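Colleague: Sequence and predicted model, in that order:
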Amino acid sequence: MTNKKYLIFRRNYEDHISKKLVIEKEVFETDFYETRQPFGLVIFGFLMLLYTLYIIFEIHILYELFMIITALFFMYGGLKRSKLIFRISKNGIWSAEFGFIYFRHIERIEFYRYIGKHSSEQMKIYIKNYQLYQMEIPFLEQPISHIEHYGNLKNLLEHALKDTNKRDKNESY
């Protein structure tokens, strides 16, 4: 799904749920961040910067400028903060792409691994009554191969969905 389709889902989801979203009051148990770049990039960038400063007056000035920009690029890549991608709470999941979704609105979650030239891992979140939210396909797709420590994600989500289904069954009786 494209970002435009996610926005349509988000707007329709918030309009149709019975309980209004209050994410600020939600207690998130687990956070998943984007994978950090190796610290070796910072060291490589710093050494490259030192070498560039050493030879700054020996060779052409454009060459040094290019070397400084490259060194700063490597240093930035290693030092930038990783952003929050995915969160799990007792009541639902939050993603940077599609926002907060209650577990009671999730039918099932499946994990796929695509192997090929550009290997990746995807998580598909199947939504109950997806036509209600004007979705063309019954699931939301979240890439997870760039998430740090995502190995435990499947177990956490399965456990949370089971707990929610047990709670729903107990409330219905």
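Modeller: That came through fine.
Colleague: tell me the strands in this protein, going along the chain?
Modeller: 28-33, 84-89, 92-95, 99-102, 106-114, 120-127, 139-143 (DSSP state E).
Colleague: want to try CSV for these, with distance to residue 53 and mean neighbour count as columns?
Modeller: In short, each C-beta sits where N, CA and C put it, glycine included. Converted to CSV, the strands of the chain look like this (distance: least, Cβ to Cβ, whole Å; neighbours: other Cβ atoms under 10 Å):
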stretch, distance to residue 53, mean neighbour count
strand 28-33, 33, 15
strand 84-89, 36, 19
strand 92-95, 43, 21
strand 99-102, 46, 18
strand 106-114, 44, 14
strand 120-127, 40, 17
strand 139-143, 39, 18
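Colleague: looking at these, which is closest to residue 4?
Modeller: Among those, strand 139-143 comes nearest to residue 4, with 13.7 Å by Cβ to Cβ.
Colleague: I'd like the mean pLDDT over that closest one, please.
Modeller: Across strand 139-143, pLDDT averages out at 83.
Colleague: now do stretch 83-90
Modeller: 81.
Colleague: Give me the contacts around stretch 62-75.
Modeller: With contact meaning Cβ atoms under 8 Å, 6 or more residues apart in numbering, stretch 62-75 is reached by 41-42, 44-46, 48-49, 51-52, 55-56.
Colleague: hang on, residue 99 packs against residue 10?
Modeller: Yes. Counting by Cβ atoms under 8 Å, residue 99 touches residue 10, with 5.2 Å between them.
Colleague: which residues does the most centrally placed residue in the chain contact?
Modeller: Taking Cα atoms, centre = their mean, the centroid of the chain lies closest to residue 85, which sits 2.9 Å from it. By Cβ under 8 Å, 6+ apart, residue 85 lies in contact with 32-34, 95-96, 146-147.
Colleague: With distance to residue 65 added, can I get these in CSV?
Modeller: Formatted as CSV, the contacts of residue 85 follow (distance: Cβ to Cβ, whole Å):
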residue, distance to residue 65
32, 39
33, 34
34, 30
95, 40
96, 35
146, 32
147, 36
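Colleague: what's the least confident stretch among the strands of the chain?
Modeller: Of all those, strand 28-33 has the smallest average pLDDT, which comes to a mean of 74.
Colleague: mind giving me the domain ranges of the chain?
Modeller: Taking automatic domain parsing as the reference, the chain has its domains at 3-35+83-172, 40-79.
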